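> can't give you the sequence, but here's the structure:
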């Protein structure tokens, strides 16, 4: 019998020549991706982790058994009930977004498993598709028991199938990233950008916070997923190597585009969870510090290795580290009834910590929180006073990322308007505008929430929008996690220094 190292290369490199059709017919450019190259240019495609199917199944079985063991030991409902309420609301964000986002990743990988240009690439993408199915099933399994405990966890399972504003933005991102993408762009955008850098914020940085928060089941879930992400992250590196040889300008565009698209989404999901929904005593680092450690340092080294330049908007990105997710969270708190999780009003201790971590713009940001705190002081705590500390005007959304126009600072919003083919488009930032102009046919016809209101598809009334269009109810829509009952709110308003 042949030893593993004697037969594995034969199983990985099993391509063929075509007699009755052209190679371009088997691998059309529209779905295989640009640049279209004959297989001879891809035949040296290689990956570091060379797995057989048997090895893959054995490894995944062991990881699944480890997850089940932790669930059985510390993942019961009574264990969840002991967690900090703010942290539990961070879990609701991930319960809504994680499972179906991972499921769309399986579809993207299946496209690579069929239209990848080398058999080793197709084999790795096939394993990647199986991984994403696993990543779909694990959070569904672990959070299913919470559906009857808290209606907001139940609504989280509906999230992707609603017209909630954040669901629109999430679908816009993942549908482009994974469902409507050719094999080359999918693997560079997902494996090189998303899984090499941004998922580290979730699956390493947030896992460490979960450990501090005594949430062993979330910690185990995301670290188990990360072991798979590290394996198929290598697909993107190998694909990018070939694209750089033949069209380095296009490779640079894909890196610039997808770094920004990922930043927009993960700064909200992870930044909110780390800096606002984690108990102060359980935060070893800020979101900015995690980003500097797990994304910036590694990303710049990787760019240099490939001969790529920093994205042209790099200074804008660095500046946003100090302010963007804070602006979005302030918007989320102000419009919390449009969400499916509860928000926490940061108190003096939290705001002092945030000032130390984010000194550049905190004077402006702190004034926002002080104004909201003062509103609670005036009306008094209690669920019946929620509406008095809540915005009523319709917010505006970006025509590219579909997120609220929360870029910039409280005194200087970064929104900008474009007249394109006789229609007005508004963007939260210059990078979003730039991406739109590079591929206007892809984005121009998508209707963000305000356009849906103006066309009559969605109601203009905020209350009707929440109930009739988002399908949120008094039991499921977001509130202040403590209904304004903060001990520090009883104190006289004093500046935070």
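Arrived safely. Please read these numbers as outputs of a predicted model, since none were measured by experiment.

> which residues of the chain fall in strands?
Applying DSSP state E to the chain gives strands spanning 408-409, 412-413, 416-420, 423-427.

> who wins for proximity to residue 13 among the ones you listed?
Taking Cβ to Cβ, strand 423-427 is the member of those nearest to residue 13, at 45.4 Å. C-beta here means a position set from N, CA and C on the backbone, and glycine is covered the same way.

> could you check the angle strand 416-420 makes with the closest one?
Computed by axes from the mean of the first three to the mean of the last three Cα atoms, to 10 degrees, the angle separating strand 423-427 from strand 416-420 equals 150 degrees.

> Quick one: list the elements packing against strand 423-427.
strand 416-420, helix 430-438 (3 or more Cβ pairs under 8 Å, 6 or more residues apart in numbering; DSSP states H and E).

> Tell me which of those approaches residue 464 most closely.
Nearest of those (Cβ to Cβ): strand 416-420, 27.6 Å.

> okay, how far is it across stretch 165-184, tip to tip?
Length of stretch 165-184, first residue to last, Cα to Cα, to the nearest Å: 30 Å.

> That one: how far from the chain's middle?
11 Å (Cα atoms, centre = their mean, to the nearest Å).

> what do you get for stretch 55-72?
With Cα atoms, centre = their mean, you get 25 Å for stretch 55-72.

> Quick one: closest of the strands of the chain to residue 63.
Once the strands of the chain are compared by Cβ to Cβ, strand 423-427 is nearest, at 41.6 Å.

> Save the helices and strands packed on strand 423-427 as JSON lines, and put in distance to residue 342, mean neighbour count and mean pLDDT too.
Formatted as JSON lines, the helices and strands packed on strand 423-427 follow (distance: least, Cβ to Cβ, whole Å; neighbours: other Cβ atoms under 10 Å; pLDDT from 0 to 100):
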{"stretch": "strand 416-420", "distance to residue 342": "33", "mean neighbour count": "12", "mean pLDDT": "96"}
{"stretch": "helix 430-438", "distance to residue 342": "29", "mean neighbour count": "19", "mean pLDDT": "98"}
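
> With distance to residue 219 as added columns, please give those in JSON lines.
Converted to JSON lines, the helices and strands packed on strand 423-427 look like this (distance: least, Cβ to Cβ, whole Å):
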{"stretch": "strand 416-420", "distance to residue 219": "41"}
{"stretch": "helix 430-438", "distance to residue 219": "33"}
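
> for the closest residue to residue 415 other than its chain neighbours, phi and psi?
Of all residues not flanking residue 415 in the chain, residue 405 sits nearest, at 4.4 Å (Cβ to Cβ, 6 or more residues apart in numbering). Residue 405 adopts backbone torsions of phi -80, psi 70, taken as degrees, to the nearest 10.

> quick one: residue 405 from residue 413, how far?
Distance, residue 405 to residue 413, using Cβ to Cβ, to the nearest Å: 6 Å.

> out of those two, which sits in the busier spot?
residue 405 (19 against 14; other Cβ atoms under 10 Å).

> check contacts around that one.
With contact taken as Cβ atoms under 8 Å, 6 or more residues apart in numbering, residue 405 is in contact with 395-398, 413, 415, 426, 428.

> of all those residues, which two lie farthest apart?
Applying Cβ to Cβ across the contacts of residue 405, the maximum distance is between 397 and 413, 13.1 Å.

> residues near residue 14, how many?
11.

> Apologies, that question was intended for residue 109.
30.

> same check, this time on residue 22
The number of residues near residue 22, taken as other Cβ under 10 Å, comes to 8.

> Same question for the one 5 residues further on.
By the other Cβ under 10 Å criterion, the neighbourhood of residue 27 contains 20 residues.

> Nearest residue to it in space, ignoring adjacent ones along the chain?
residue 115 (5.8 Å).

> Thought residue 182 was touching that neighbour, still the case?
Yes - judged on Cβ atoms under 8 Å, residue 115 makes contact with residue 182 at a distance of 7.5 Å.

> Give the residues shared as contacts by those two.
With Cβ under 8 Å, 6+ apart as the test, residue 115 and residue 182 both reach 31-33.

> Which residue ranges of the stretch 51-200 of the chain form helices?
53-74, 77-81, 85-115, 119-143, 151-158, 165-174, 183-187, 199-200 (DSSP state H, counting those that start in this stretch).

> what would these look like in CSV with distance to residue 342 and mean pLDDT?
Putting these into CSV (distance: least, Cβ to Cβ, whole Å; pLDDT from 0 to 100) gives the following:
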stretch, distance to residue 342, mean pLDDT
helix 53-74, 24, 91
helix 77-81, 15, 90
helix 85-115, 5, 94
helix 119-143, 16, 93
helix 151-158, 8, 95
helix 165-174, 15, 96
helix 183-187, 35, 96
helix 199-200, 26, 76
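
> Deepest in the core, which of those helices is it.
Highest mean neighbour count among these (mean count of other Cβ atoms under 10 Å): helix 183-187, with a mean of 27.

> Could I get the buried residue list for stretch 380-395?
381, 385-386, 389-390, 395 (16 or more other Cβ atoms under 10 Å).

> re the thing from before, can you tell which of the helices of the stretch 51-200 of the chain is closest to residue 327?
helix 165-174 (15.1 Å).

> coming back round to it: now the strands of the chain as JSON lines including distance to residue 480?
Putting the strands of the chain into JSON lines (distance: least, Cβ to Cβ, whole Å) gives the following:
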{"stretch": "strand 408-409", "distance to residue 480": "24"}
{"stretch": "strand 412-413", "distance to residue 480": "25"}
{"stretch": "strand 416-420", "distance to residue 480": "33"}
{"stretch": "strand 423-427", "distance to residue 480": "30"}
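
> and of these, who's closest to residue 124?
Using Cβ to Cβ, those put strand 423-427 closest to residue 124, at 36.1 Å.

> The closest one pairs with which strands?
Paired strands of strand 423-427, with direction, are strand 416-420 (antiparallel) (DSSP bridges).

> who's in contact with the strand it pairs with?
Against strand 416-420 from outside (Cβ under 8 Å, 6+ apart): 424-427, 429-430, 433, 436-437, 440, 444.

> go with 6 Å
Identification of contacts with strand 416-420 by Cβ atoms under 6 Å, 6 or more residues apart in numbering yields 425-427.

> close enough to count as contact, residue 362 and residue 352?
No - applying Cβ atoms under 6 Å as the test, residue 362 and residue 352 come out as separate, 9.7 Å apart.
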